[in-house]
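Student: please work out how this folds:
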Amino acid sequence: MRESRLENELAQAEEVYDHLIQTRRSLGSMLEEAIRKGKGRDLEEFKCHRRDLSQLIWQTDLTRTELRHQLLDRRARQAEAEYRRATEETQKAARSYEQARKAYIKAQKAVRRSGLEARRLAEVCDKEAEQLQELLRVQEAAQRYQLKHQRGEQGREREQMRAGDHGAQKQRQQGEEREHDPSQGHDGHAGATSGASIAGEDANRGSAG
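Tutor: Residues are numbered from 1 along each chain as shown. Down below sits the predicted model:
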């Protein structure tokens, strides 16, 4: 039986019971009036009605009590089922809470480890960046020195080339001057004649001896 139907039947039984109680009170008043007036015939009739009414009241009270018991039993079973469901949900929530607590603790440890690792890597990165900057400065200085040295070598080579060109030009000029100078030619011829005379004298001394 559905709960709504039980509630309706219980309400009707309560209403009937209240009406019978009210009727019994009315019969009691009427019985007192018959006794006061000494109406014996009415007295027996009232007693009969009162017995029937008491039986009816008892039956109605039993019916409404049974209906109330059924309704309360139904609600008790529903409450028990709700309690079991709530207990299961509570247990699930407790397990979930425990899992969440363990996961939270694990996550906290991971966060701490990650934080330490992040700081360590940041420090290493900073050191590497400093070293890289230093290497770049050294490389830049080396490139400047090499460029300066190359420029110096190129300058010296150009100076040597200019000096060589100047010496060659000067020698050419001196040769051209000797070719055009008669005294340079006479001296050369006289030197050659003198050398020949000396050689002849040495030959004559050798034969005489």
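Student: against Gln154, how distant is Glu15?
Tutor: 126 Å (CB to CB, to the nearest Å). The C-beta positions use only the backbone N, C-alpha and C, and glycine is treated the same way.
Student: and if you look at Leu136?
Tutor: From Leu136 over to Gln154 (counting by CB to CB), the distance is 26 Å.
Student: again with Leu147
Tutor: 10 Å.
Student: the helix or strand hosting Ala141 - contacts with which helices or strands?
Tutor: If you go by DSSP states H and E, Ala141 is part of helix 40-180. Here helix 40-180 touches helix 3-37, going by 3 or more CB pairs under 8 Å, 6 or more residues apart in numbering; DSSP states H and E.
Student: the helix it packs on - contacts with which helices or strands?
Tutor: So helix 3-37, by 3+ CB pairs under 8 Å, 6+ apart, packs with helix 40-180.
Student: Thr23 contacts Leu53, doesn't it?
Tutor: Yes - with contacts counted by CB atoms under 8 Å, Thr23 reaches Leu53, the gap being 6.2 Å.
Student: of those two, who's got more company?
Tutor: Set Thr23 next to Leu53 and count neighbours by other CB atoms under 10 Å: Leu53 wins out with 18 against 15.
Student: now do the contacts for the more buried one.
Tutor: By CB atoms under 8 Å, 6 or more residues apart in numbering, the contact set of Leu53 is Leu20, Thr23, Arg24, Leu27.
Student: hmm, 6 Å instead?
Tutor: Neighbouring residues of Leu53 by CB atoms under 6 Å, 6 or more residues apart in numbering: Arg24.
Student: any idea how far it is from Leu20?
Tutor: 6 Å.
Student: identify the contacts common to the two.
Tutor: Counting by CB under 6 Å, 6+ apart, Leu53 and Leu20 have no common neighbour.
Student: can you report how many residues neighbour Tyr17?
Tutor: Applying other CB under 10 Å, we find 19 residues neighbouring Tyr17.
Student: tell me the predicted confidence for Lys109.
Tutor: For Lys109, the pLDDT comes out at 89.
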